[in-house]
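*Asks:* Pasting the sequence and the predicted model now:
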Amino acid sequence: MTLSETPVHDPLDELLARREPGRSLEAAFYTSPDIFDVDVRRIFAQHWIFVGTAAEVREPGDFFTVTVGPWSVIVLRDDDEQVRALHNVCRHRGARVLTEERGSVGNIVCGYHRWTYATDGSLLHAESQPPGFDPSCFGLKQVHVRNVAGLIFICLAQEPPADLEEVANVVTPYLAPHQLERTKVAAQIDIVEQGNWKLVMENNRECYHCDGHPELIASLFPLFGYTEEDITPRLRPVLERYERAKSDLHDTCRARQVPIEVREELDTRATGFRVERMPLDLAGESYSADGSRLCQKLLGDFTTARFGDLSLHMQPNSWFHFLADHAVTFSVIPVAPGETLLRTTWLVHEDAVEGTDYDVDSLTAVWRATNAQDSALVARTQAGVSSPAYVGGPYSPTENQVEAFVSWYLTRLRQTTA
Amino acid sequence: MTLSETPVHDPLDELLARREPGRSLEAAFYTSPDIFDVDVRRIFAQHWIFVGTAAEVREPGDFFTVTVGPWSVIVLRDDDEQVRALHNVCRHRGARVLTEERGSVGNIVCGYHRWTYATDGSLLHAESQPPGFDPSCFGLKQVHVRNVAGLIFICLAQEPPADLEEVANVVTPYLAPHQLERTKVAAQIDIVEQGNWKLVMENNRECYHCDGHPELIASLFPLFGYTEEDITPRLRPVLERYERAKSDLHDTCRARQVPIEVREELDTRATGFRVERMPLDLAGESYSADGSRLCQKLLGDFTTARFGDLSLHMQPNSWFHFLADHAVTFSVIPVAPGETLLRTTWLVHEDAVEGTDYDVDSLTAVWRATNAQDSALVARTQAGVSSPAYVGGPYSPTENQVEAFVSWYLTRLRQTTA
Amino acid sequence: MTLSETPVHDPLDELLARREPGRSLEAAFYTSPDIFDVDVRRIFAQHWIFVGTAAEVREPGDFFTVTVGPWSVIVLRDDDEQVRALHNVCRHRGARVLTEERGSVGNIVCGYHRWTYATDGSLLHAESQPPGFDPSCFGLKQVHVRNVAGLIFICLAQEPPADLEEVANVVTPYLAPHQLERTKVAAQIDIVEQGNWKLVMENNRECYHCDGHPELIASLFPLFGYTEEDITPRLRPVLERYERAKSDLHDTCRARQVPIEVREELDTRATGFRVERMPLDLAGESYSADGSRLCQKLLGDFTTARFGDLSLHMQPNSWFHFLADHAVTFSVIPVAPGETLLRTTWLVHEDAVEGTDYDVDSLTAVWRATNAQDSALVARTQAGVSSPAYVGGPYSPTENQVEAFVSWYLTRLRQTTA
């Protein structure tokens, strides 16, 4: 095993046993090809992962393909209008059935020998077969899929974690008013970050580094990591502005019977999550330089754009921001020990008109900038932890959600097997 | 070992033991670096492999170099006009002696310290050597080579399979009238396919997918995979046209005492092969849109161009089409588990004049298109079988030569050792 | 393990045990990822390696970063004007602290969460820490560093080889008159050679191949590898010219009390070295087509440019040429089994004016050409030894320093442990 890959490391159980709570993980978790393998097989193949939105498969036959480790999965809307997931592997000689990233089909036809499958995966036709060939034995294999208020999750395991139902029941009332089933994709951007997938998640789970995100923090209240006693005279008015915005948001939500209390179960269940609706600063409507809306046509049947930012964090691979005027989804997919795909999708109301109601550049500006900044931070961390001189350092109190993610991750490794 | 490489797999002997005849191989055979290693060492290093044609080394000193796995071999015409193969490794400090892909030399001089070898490999001169230095101990190492009617085969083993002689005796009468020793290279194109070498071979061994080759099938009779009972009224005239062309071809061959019966020993010997001369449709002369010749100057001393297509398949790494007006050779070399070099060479009569007798673009059009189409099919299959969801599927009766190739391959693995 | 990586090889101790003195190493030493790993951990991480010159960090806060295997090290001039080396790994979550290759800083600030270190590595400030956080526990880790007459060596081991002091005492009188502390970098060029680091070193340690370096040998006496009895009538005048130049150089050195005798301890100590001052041919001043100076402003307080070429060879990774008008340093860093970074740096007097005293293209011409030629030779050797047909060949008497390097390397492997 070469240095260009990873330093020798102790067996996983020893690494798990000696982990110090409150400190960043040992290097092997970020650099070892073996642990990358474990992560894909135990975390990504045995948990519910977010792969896309219902808005990407609006009509029967609409599909997109997603690659998770060595798996390729077709996510499509079948002829019964249900979202389905199928293994993208022909039952003849294993060719990838659909090679496009997205599109729309009547039947699913393999490009090699024209084996033809229905949108439910059943084999409809295969040429030149001998007598006794039974098509019902050769349908495309099914993948577990769940559509949670317009968010599509798949699970590659035979028996997915059972708790997604509970989580769906908790978060659906928060998501419902944004009516994601009535949105369309305004933009979708993939970037490949030069770091382990966990560094990408850890980076998302704290705002300790948010000074590096000028565009993002413009519409956020500058109070991160402050406790009551930190509030200086300079910050007093900010705090009061925040308290006002918060109570306004509470009133608005109460009026619409939309839940607003924080629900956090990040590391206490298989499908860890955290949901919170926070007020925004300035105009208080959206992620823009002055906080004003980025899409004139609001989501669902919102009558006010001052609905704050509904932030949803899910383990292992996603986070979301739902605003009154648009929504942004983030999906993290491991590619290699030091390489991770981040897919960002911007959703607007299905009737919003580009150029009239919204401008794609303005809509995506803040998160394009923020993703680029985070990508650089992830790359420098991957490079740094690869040094034998690296030792785990202490998380500050403001990095509590990083600790929660790491703790969820380690718990799941302990509770699953390859 | 990471997923970016390959999934864990059982030991080779278990994989060999549980193979189901009639079904495509398990994924490990296409994706495992270990099995790739086995393939190179047991299949490519211990069998006769096709590497080029006599037409590429026509004069003494003419050479080309070929890379097979970690080996580099010089194939050249020595000063006694014999085709020779030498390991391309200097006996001083191991430098690659010749770095060019092809050329012509008087002596073979290493570019590092000027050690100088004769075309038979013997060391002629090495500077600054101490007394007692014995040049006869430091000649370039020899590689077994055999020139079969103008086709050059090498074997890297100490003891090559003995049966090439028999095979040469069988196929030479079929090849003789095309007189390859009197041809020249009109074009040679290398493409690197994104798939395991066996997928490249399997793809070549069936026409079940030939609907994907419109250019290729133009001059072929559209009867693949049909049995007597499949013949519809629509196909009846095609069948009659085929029978006529076939009996004409038989007459032509009989008149010239050229054998025409199919000889097939694909999986019953170390040097598996299959030879068949088939009539072509339309003008019946060559691989062109209307079946007419692509080179006015015919090979050998052919007086008619309606000599059909002499198709030769050899295990493990080649296939050939010999027509009256030109010949095409195909050599397959593994590069990595998911990467394979396909070298295609077009030969015409040594006296044919480019621009007058033939046009390179037209001559190569059909197989350039066909190779590109097959390359895409191989890549989608490599991608597909890499999924843990892949399981071997059934070959249709028309894929019998694929089964023969796979069966030859597995038999050879069982009968050889690393 | 795949062929694209390396052939299987015997355990290191067996390889060490059966090495034949006077012959080039077995392939595994050049191609095996395991042995590459051993080389980095035992040779590069446990010996003094040359990484740069004092001229690259002239002012407090000036730094450059160097990557050695998985380590990244900051070399900088601290506020006390001492050259320091620090591990480039933040003590918080391991981010690479400085991502630039070189620059100048006041304090060392990590770009992720703004942890701030002094130039001596101590942690000055970390935000949002809980009570009880002790900054003194989180300084950047120190790396051993030694400035030898302006040449910077680092050692990543806890306990570096003790003999650098002795070596420094021996070579400093040779280097002193060139006053490297009063030079500046005129040019620095990195090239990545496609060969193992040992092939790069071996290539440097003999002139048996110097016919391939027309630019380099222009100013060298053409007597390599010749013994007294080889001297032909044609060479007689050359020899006489050489003897004259040599005695002139002796006089010059004696007059300035500069040592001139060869000191060679290449394979008898941890920090192997060889130092020799040789006369140059033609104008005898520098590495140019006619041997005349390439920089009008001479180094130190030289009054004559005819001071020959002070050649310093050090194990494991450097060589140097110090002339009266400029100096050239060479640092070799392994990147992968078949990939090596060669950094070449040209130094001139700190007061020399580009365009007036020297022209960068002319100054660097000879070694740019020589490096390119050697790089091609190294690549063809890496390719060649990767063949299973390769066996170690005999070194000629003129390759004695290659044998010395190989013998030093094997001795160090025997005397160190991972």
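*Replies:* Now that the structure is in, tell me what you want to look at.

*Asks:* If residue A:344 is in a bridge, with which residues?
*Replies:* residue A:189, residue A:330 (DSSP bridges).

*Asks:* my read: it touches residue A:188, true?
*Replies:* Yes: with contacts counted by Cβ atoms under 8 Å, residue A:344 reaches residue A:188, the gap being 7.0 Å. C-betas here are computed from N, CA, C, even on glycine.

*Asks:* Just grab the bridge partners of residue A:102 for me.
*Replies:* residue A:64.

*Asks:* what's around it, how many residues?
*Replies:* For residue A:102, the count of nearby residues is 17 (other Cβ atoms under 10 Å in any protein chain shown).

*Asks:* Just the pLDDT for it.
*Replies:* On pLDDT, residue A:102 comes in at 98.

*Asks:* name the helices or strands packed onto the helix or strand containing residue A:410?
*Replies:* Using DSSP states H and E, residue A:410 sits within helix A:400-415. Helices and strands touching helix A:400-415, as assessed by 3 or more Cβ pairs under 8 Å, 6 or more residues apart in numbering or on different chains; DSSP states H and E, comprise helix A:12-17, helix A:197-204.

*Asks:* End to end on stretch A:336-354, go ahead and measure it.
*Replies:* 36 Å (Cα to Cα, to the nearest Å).

*Asks:* and that stretch, which residues are buried?
*Replies:* A:337-349, A:352 (16 or more other Cβ atoms under 10 Å in any protein chain shown).

*Asks:* Show me what from the stretch 51-200 of chain A comes close to chain B.
*Replies:* Residues of the stretch 51-200 of chain A lying near chain B by Cβ under 8 Å from any Cβ of the partner chain: A:69-72, A:87-97, A:99, A:111-114, A:126-130, A:133, A:138, A:141.

*Asks:* Return the residues of the stretch 101-250 of chain A in contact with chain C.
*Replies:* Counting by Cβ under 8 Å from any Cβ, the residues of the stretch 101-250 of chain A close to chain C are A:202, A:208, A:209, A:211, A:212, A:225.

*Asks:* Apply 6 Å and report the result again.
*Replies:* Contact residues (Cβ under 6 Å from any Cβ of the partner chain) of the stretch 101-250 of chain A with chain C: A:208, A:209, A:225.

*Asks:* What's the local residue count around residue A:301?
*Replies:* Here the number of neighbours of residue A:301 (other Cβ under 10 Å) works out to 10.

*Asks:* go on, residue A:68?
*Replies:* 21.

*Asks:* Give me the neighbour count for the closest residue to it other than its chain neighbours.
*Replies:* Nearest non-adjacent residue to residue A:68, counting by Cβ to Cβ, 6 or more residues apart in numbering or on different chains: residue A:44, 5.5 Å away. Number of residues near residue A:44 (other Cβ under 10 Å) recorded here: 21.

*Asks:* tell me the pLDDT at residue A:44?
*Replies:* 98.

*Asks:* Point me to the residue of the stretch 151-300 of chain A nearest chain C.
*Replies:* Among the residues of the stretch 151-300 of chain A, residue A:225 lies closest to chain C, at 4.6 Å counting by Cβ to the nearest Cβ.

*Asks:* low-scoring pLDDT stretches of chain A, where are they?
*Replies:* Within chain A, the ranges that satisfy pLDDT under 70 run A:1-8, A:418.

*Asks:* can I see the domain layout of it?
*Replies:* For chain A, the structural domains run A:49-147, A:166-415, going by automatic domain parsing.

*Asks:* Those: which one's closest to residue B:413?
*Replies:* Of all these, it is domain A:49-147 that lies closest to residue B:413, at 19.8 Å by Cβ to Cβ.

*Asks:* distance between the closest one and the chain's centre?
*Replies:* Using Cα atoms, centre = their mean, to the nearest Å, the mean C-alpha position of domain A:49-147 is found 23 Å from that of the whole chain.

*Asks:* What's the end-to-end length of that domain?
*Replies:* End to end - Cα to Cα - domain A:49-147 spans 12 Å.

*Asks:* deepest of the helices and strands packed on helix A:400-415, which one?
*Replies:* With neighbours taken as mean count of other Cβ atoms under 10 Å in any protein chain shown, the helices and strands packed on helix A:400-415 reach their highest mean count in helix A:197-204, at a mean of 24.

*Asks:* What is that helix packed up against?
*Replies:* Packing partners of helix A:197-204 (3 or more Cβ pairs under 6 Å, 6 or more residues apart in numbering or on different chains; DSSP states H and E): strand A:327-336, helix A:360-385.

*Asks:* try 8 Å
*Replies:* Counting by 3+ Cβ pairs under 8 Å, 6+ apart, helix A:197-204 packs on helix A:28-31, strand A:327-336, strand A:339-349, helix A:360-385, helix A:400-415.

*Asks:* Please list the outside residues in contact with that helix.
*Replies:* For helix A:197-204, the surrounding residues in contact (Cβ atoms under 8 Å, 6 or more residues apart in numbering or on different chains) are A:24-25, A:29-30, A:39, A:193, A:209, A:313, A:316-317, A:319, A:330, A:332-334, A:340, A:342, A:374, A:377-378, A:381-382, A:385, A:402, A:405-406, A:409, C:93.

*Asks:* ditto for stretch A:49-59
*Replies:* By Cβ under 8 Å, 6+ apart, stretch A:49-59 touches A:62-64, A:66, A:68, A:73, A:75-77, A:83, A:102, A:104, A:147, A:150-155, A:180-181, A:183-185, A:314, A:316-318, A:329, A:331, A:333, A:343, A:345, A:347, A:350.

*Asks:* And stretch A:206-223, by the same measure?
*Replies:* A:203, A:224-225, A:235, A:238-239, A:241-242, A:245, A:279-284, A:286-291, A:365-367, A:369-370, A:373-374, A:377, A:396, A:398-399, A:401-402, C:111-114, C:127-128.

*Asks:* count of neighbours near the nearest residue to residue A:27 once chain neighbours are set aside?
*Replies:* Once flanking residues are discounted, residue A:27 sits nearest to residue A:385: 4.8 Å by Cβ to Cβ, 6+ apart. Applying other Cβ under 10 Å, we find 30 residues neighbouring residue A:385.

*Asks:* same thing with residue A:70?
*Replies:* The burial count for residue A:70: 22, using other Cβ under 10 Å.

*Asks:* Torsion angles phi and psi at it?
*Replies:* For residue A:70, the backbone dihedrals (degrees, to the nearest 10) come out as phi -90, psi 0.

*Asks:* Quick check, it in contact with residue B:388.
*Replies:* Yes: counting by Cβ under 8 Å, residue B:388 is a contact partner of residue A:70 at 5.9 Å.

*Asks:* Grab the most central residue of chain A for me.
*Replies:* Centroid check for chain A by Cα atoms, centre = their mean gives residue A:318 as the closest residue, at 2.1 Å.

*Asks:* Tell me the first helix or strand C-terminal of the helix or strand encompassing residue A:313.
*Replies:* Using DSSP H and E, the element containing residue A:313 is strand A:309-314. Next along the chain after strand A:309-314, taking DSSP H and E as the criterion, comes strand A:318-322.

*Asks:* Now do that next one and helix A:197-204, the angle between them.
*Replies:* Relative orientation of strand A:318-322 versus helix A:197-204 (axes from the mean of the first three to the mean of the last three Cα atoms, to 10 degrees): 30 degrees.

*Asks:* Now do strand A:318-322: which elements does it pack against?
*Replies:* strand A:309-314, strand A:327-336.

*Asks:* and these as CSV, adding distance to residue A:265?
*Replies:* What follows is the helices and strands packed on strand A:318-322, written out as CSV (distance: least, Cβ to Cβ, whole Å):
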stretch, distance to residue A:265
strand A:309-314, 10
strand A:327-336, 19
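
*Asks:* and residue A:176, which of these is closest to it?
*Replies:* strand A:309-314 (10.6 Å).
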